[in-house]
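Enquirer: With the input below, show me the fold.
(chains A and B)
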Amino acid sequence: MLSFVLFSPFLGILLLALVPKGKASIVKIVGIASSLLTFLLSLAVYWHFNPLSAELQFVEQLPWIHSLDMNYIVGVDGMSLLLLVLTTFLTPIALVASWNSITDRLKGYVVCMLLLEVGMIGVFVAVDLFLFYVFWEAMLIPMYFIIGIWGGKDRIYAAVKFFLYTMAGSLLMLIAIISLAYYASTVPQGQFTTDLRKLMAIAPGIASPMQAWMFLAFALSFAIKVPLFPFHTWLPDAHVQAPTAGSVILAGVLLKMGTYGMLRFCLPLFPFASFQFAPYICVLAVIGIVYGALVAMVQTDIKKLVAYSSVSHLGFVVLGIFSMTEEGIQGGILQMINHGLSTGALFLIVGMIYDRRHTREISEFGGLSKQMPVFASFFMITMLSSIGLPGLNGFVGEFLILLGSFKSSFLGTHVFTIVAASGVVFAAVYMLWMFQRVMFGTLKNPANQNLPDLSVREIGLLIPIMIFIVWIGIYPTTFLRPPAASTAKLVKMLEQTRNGETLMKGSREK
Amino acid sequence: MTQELLLQLATAILFLPLLSFLIIIFFGKKLPRQGDIVSLSLVGLALASAFAILIGKLTLFHAETISYTFTWVDFGKVTGIGHLKLELGIMVDNLVAVMLVVVTLISFLVHLFSVEYMHGDVRYSRYFAYLGIFTFSMLGIVITNNFFMMYVFWELVGLSSYLLIGHWYEKKSASDAGKKAFIVNRVGDVGMFIGINILWTNFHTLTFEGVFGAMKAGHIPFESNPWLTAAGILIFCGAVGKSAQFPLHVWLPDAMEGPTPVSALIHAATMVAAGVYLIARTFPMMTADALMVIAYVGAITAFISATIAIAQNDIKKVLAYSTVSQLGYMVMGLGVGAYTAGFFHLATHAAFKAGLFLGAGSVIHAMHHALHHQGDHHTDPQDIRNMGGLRSKMPVTFWTFLIYTLAISGVPLTSGFMSKDEILAGTLAYGNLTGHVFIPIVGFLVAGLTAFYMFRIVILAFMGTHADADRCH
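Expert: Model prediction:
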């Protein structure tokens, strides 16, 4: 079943190959229909998912490179399920969003988006490390093209920077994967393997310096993707240059791969290294929260402001994950979804202004509320969701993350939470200030005086996202139930490992 | 009336204003009269239910606390803790029953007043929608039985004040003031949030019952008194923001940019009272040290804003700083343990401050009219230095204003005397008991300053003859 979800975008690509040249609207419709099919299939997975089980579900296994025990294994558990659905939810939205804005080489664009979707789904469902790595890399290529071909003025620079940064990280990850697989062959009755399920039993036993190095290789690769301060510099460039749909996918899904990777690989495979490095990673996360917010404050370009706000928000997610508590991890998972929704919507909104005015400079605007009241309402809800107002989605995630990080015995200090909580104030400052300058005041600029309000297509794009923004804010249990069992299992494993370690230390001292 | 019915009524009170918000925000423009009747009747219904609850509560369940709780987020079984869950709920005790009436009554009056005052406004229906969400958030604060919801509605009050103060967002000063109110309040909220974190980490529950019950049983955060004090002070930070205590008092004078009924709603009665209510609710967890901090913050606020009020020339600004100062008085009263006196002053102050604002409005209106008549657009109609001799021109305004001034100054035979006297008695007792003589000294000093800046207005505006006095009619 998962394979159907994973490869269903290829159906669209196949059909696109048959569409004759010059039929732009058919290309668009085929792309959207194909991505909607994938969405429906993923909903079926969601529907049949058993939230009480912490194990991987819908597992499918096919032999691939038999001698090295690298296989095609896919499956989902509570940690990946929501991200899978988020991916398939945002892809059709991104495609509809580019309805008018992409005209050049349209077919290539839609093919790239669908390929990207395969890569993203693959990352979230892969259970074999090598398979994961293949999807992780494969997904870079369509994204590279999307930024490099359909991007803004400095698109080539941004695309190359994006590619190089991610490549540098993934190279380290590849080395770590190989040495991990090799390590598996050195234990008694072991064999060379990249099967995550087998490695989970073996990897935590790796001795101290080696485990730390492997952890760091994985963590660095993921940290670049998140991006964690100070590896974030590719992000604003990539966002500003990418077309709207590219930004939506980039912020909505691609960044989550980093945090997902930490949750899926770093914590369960290398628990001891995680305990050791969690405070340092949280220092970076907290710096990212405050720094991202401060830099966002001084931006003059709306899109850049939103991009830096992502750095800040993802810092919260990392903090939650490395708090290694139920509240923190659940909040982190929820916050990944929240960020995908609200930042995705913000990029759509910025794209809508850009389509009208072909500028994103804040100083060009002012008083738009009067001219575009419908737009103003959507913008305000999204902005409030982004600054974590209670009743909307962002609040629940941040609240749980901070509850978790405050009580976390792994971090051992409350300073992280206290500093991170100040990020909530900064978020209000940069968002409200931007909103004031763009939407409030009088309509001074003559270029803004005849802007049309949102079209039916644009409202249709935003409404599904708004439904989830309010739904998660008011009744988050729907979305916290699927990850609950897997989270509990992970936290239990981490705590037992640590207690075992202290016991061992105690007995050694005796 | 059964307890279930009481709870259902209480729930209805909470959600009626939200319903009004939703109806008006989506269909307001299509409704007759832009939906103000819908809004007014829903809030009126809430008011009627609040009275029903008050009567039912006081007659039938005088001594009971009625509450209802449900699970919002369930984390399942957690090692070392047991079943971990985040619960929401509402409760009705006598304080809640009284506050429900107060909030719905004031809100209803403001709705009623706004029908005429805001008539013809560009965003008439939007304004009523925002009043609805403001009332909803205030009621949420009052009715909740846990810290989590308290925080949620605390933030929502911040949002609704942002929306209401910035109602005329075309004016930069208005949108600035709204933004400032939101951000300054959020600073206080962060403190409150960290306080909540301390409670959650230690008690794994956020209901008042659970937290205070655990404390009664002898469990305190991290088994240390300083942490308990810290938790109390951090929760109090929320009150510092909402009740405009030093150093977060800066947003309140700017909030004057909102429509005047909103100023009344925010300044005099509801939003600033939220902080005082919070202290009253969380009183069981306040240690002596925490209360001392509260008393000092209140005293400093009262003193600083009274001195600022002396130096203001804008009549509305004087009154705004005076509000901050009187709020400091109430907080100081709660801090020294004069719990009832603090609340009493809240009520008396709401009455005479509302009167003062109306009197000031009448003066400004007259000045504005007179200046306009003479074609003078440069003189500021709100500046008390431009007034003088208004007693003979506006005798009714003068006499009423004088009565309110006597009340706020605490002259005997007025309500202000009663409440201030009680607070001052409390501070004296506190000073005797603990040796913090600074508190009563400031208390008396501020009482003097209050009389000074208030009579400054009376004398400058109403007495004597001014060079320009003939301009006023």
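Enquirer: Poorly predicted segments of chain B, please.
Expert: B:79-81, B:264-269, B:466-473 (pLDDT under 70).
Enquirer: Chain A contacts on the stretch 201-350 of chain B?
Expert: residue B:201 (Cβ under 8 Å from any Cβ of the partner chain). All C-beta atoms are positioned from the backbone trio N, CA, C, and that covers glycine.
Enquirer: Centroid-nearest residue for the chain?
Expert: Since you didn't name a chain, this refers to chain A. residue A:256 (1.9 Å; Cα atoms, centre = their mean).
Enquirer: actually chain B
Expert: residue B:272 (1.8 Å).
Enquirer: name the element the residue nearest to the centre of chain A belongs to?
Expert: When elements are assigned from DSSP states H and E, residue A:256 belongs to helix A:255-261.
Enquirer: try residue A:60
Expert: Going by DSSP H and E, residue A:60 is part of strand A:57-65.
Enquirer: List the neighbouring strands of that strand plus their orientation.
Expert: strand A:70-76 (antiparallel) (DSSP bridges).
Enquirer: List the contacts of the strand it pairs with.
Expert: A:2-3, A:6, A:45, A:49, A:56-65, A:84, A:122, A:124-128, A:130-131, A:193-197 (Cβ atoms under 8 Å, 6 or more residues apart in numbering or on different chains).
Enquirer: In PyMOL, how would I select just the buried ones from these?
Expert: Listed next is the PyMOL selection for buried residues among the contacts of strand A:70-76, using 16 or more other Cβ atoms under 10 Å in any protein chain shown:
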select buried, chain A and resi 2+6+45+49+56+57+58+64+84+122+124+125+126+127+128+130+131+193+194+195+196
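Enquirer: Tell me the spacing between the residue nearest to the centre of chain B and chain A.
Expert: According to Cβ to the nearest Cβ, to the nearest Å, residue B:272 and chain A sit 20 Å apart.
Enquirer: you'd agree that residue is up against residue B:252?
Expert: Yes - counting by Cβ atoms under 8 Å, residue B:252 is a contact partner of residue B:272 at 7.4 Å.
Enquirer: need the helices for the stretch 301-450 of chain B, in chain order.
Expert: Under the criterion DSSP state H, counting those that start in this stretch, the stretch 301-450 of chain B contains helices at B:315-335, B:339-373, B:390-393, B:395-409, B:415-434, B:438-457.
Enquirer: Check the secondary structure at the closest residue to residue A:326 other than its chain neighbours for me.
Expert: The spatially closest residue to residue A:326, leaving aside those adjacent along the chain, is residue B:75, at 4.7 Å (Cβ to Cβ, 6 or more residues apart in numbering or on different chains). Here residue B:75 is strand, with the state taken from DSSP: H, G, I helix; E, B strand; the rest coil.
Enquirer: wait, isn't residue B:75 in contact with residue A:330?
Expert: Yes - with contact defined as Cβ under 8 Å, residue B:75 counts as touching residue A:330 (6.9 Å).
Enquirer: what sits in contact with each of these two?
Expert: In contact with both residue B:75 and residue A:330: residue A:484, using Cβ under 8 Å, 6+ apart.
Enquirer: More neighbours: these two, which one.
Expert: Taking other Cβ atoms under 10 Å in any protein chain shown, residue B:75 and residue A:330 do not tie; residue A:330 has more neighbours (30 against 22).
Enquirer: I'd like to know how far the more buried one sits from chain B.
Expert: 7 Å.
Enquirer: go on, residue A:443?
Expert: Counting by Cβ to the nearest Cβ - residue A:443 and chain B are separated by 9 Å.
Enquirer: Please name the residues that touch that residue.
Expert: By Cβ under 8 Å, 6+ apart, the contact list for residue A:443 reads A:366-368, A:370-371, A:449.
Enquirer: quick one: contacts for residue A:63?
Expert: With Cβ under 8 Å, 6+ apart, residue A:63 has these contacts: A:71-72.
Enquirer: give me the beta-bridge partners of it?
Expert: According to DSSP bridges, beta-bridge pairing links residue A:63 with residue A:71.
Enquirer: Find the helix or strand that residue B:70 is a member of.
Expert: Counting by DSSP H and E, residue B:70 is part of strand B:66-78.
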